[in-house]
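In: Take a look and give me a structure for this.
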Amino acid sequence: MERTSRQFTISLPPDMAEQVVAAAKAESRTVSELFREAFRTYRLQRIQTLLKMSEAEGRRRKHHGYKQDDVERLIHEARAENGSRR
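Out: Down below sits the predicted model:
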């Protein structure tokens with residue numbers, strides 16, 4: 001049977017480890033739940049940072065983005081191109 005989760009071993013300085021345990025206890029959560037949420041938060045912030053960087057690069061290149069009609073047209077063009085390859 002395949003596991004539904006993976007285990008990781010991490011090392012923390014003793015004072016940080018105490019803070020993690022205290023935070024989990026204060027929120028009536030497990031340490032695993034706390035780290036899962038921390039990673040989800042990290043991932044969301046990273047995605048937001050990458051999007052902001054992409055937007056800044058677009059502005060630097062004087063590209064003001066696509067409109068809704070452009071997006072729909074590009075999707076149809078890409079689908080038609082992919083369909084013609086089959």
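In: residue ranges for the helices of this protein, please.
Out: 14-26, 31-60, 68-85 (DSSP state H).
In: what's the closest of those to R6?
Out: When those are compared by C-beta to C-beta, helix 31-60 sits nearest R6, at 11.1 Å. In short, each C-beta sits where N, CA and C put it, glycine included.
In: buried set for that closest one?
Out: Of all the residues in helix 31-60, those buried under the rule 16 or more other C-beta atoms under 10 Å are L34.
In: Give the other helices and strands that it contacts.
Out: If contacts are counted by 3 or more C-beta pairs under 8 Å, 6 or more residues apart in numbering; DSSP states H and E, helix 31-60 sits against helix 14-26.
In: re the thing from before, out of the helices of the chain, flag the one nearest M1.
Out: That would be helix 31-60 among the helices of the chain, by C-beta to C-beta, at 20.1 Å.
In: Generate TSV for the helices of the chain, with distance to S5 and mean pLDDT as supplementary columns.
Out: Shown next, in TSV, are the helices of the chain (distance: least, C-beta to C-beta, whole Å; pLDDT from 0 to 100):
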stretch	distance to S5	mean pLDDT
helix 14-26	17	98
helix 31-60	9	91
helix 68-85	35	81
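In: got JSON lines for those, with distance to T4 too?
Out: Converted to JSON lines, the helices of the chain look like this (distance: least, C-beta to C-beta, whole Å):
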{"stretch": "helix 14-26", "distance to T4": "21"}
{"stretch": "helix 31-60", "distance to T4": "13"}
{"stretch": "helix 68-85", "distance to T4": "34"}
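In: Which among those helices is found nearest to E2?
Out: helix 31-60 (18.8 Å).
In: which residue is nearest the middle of this structure?
Out: R43 (3.5 Å; C-alpha atoms, centre = their mean).
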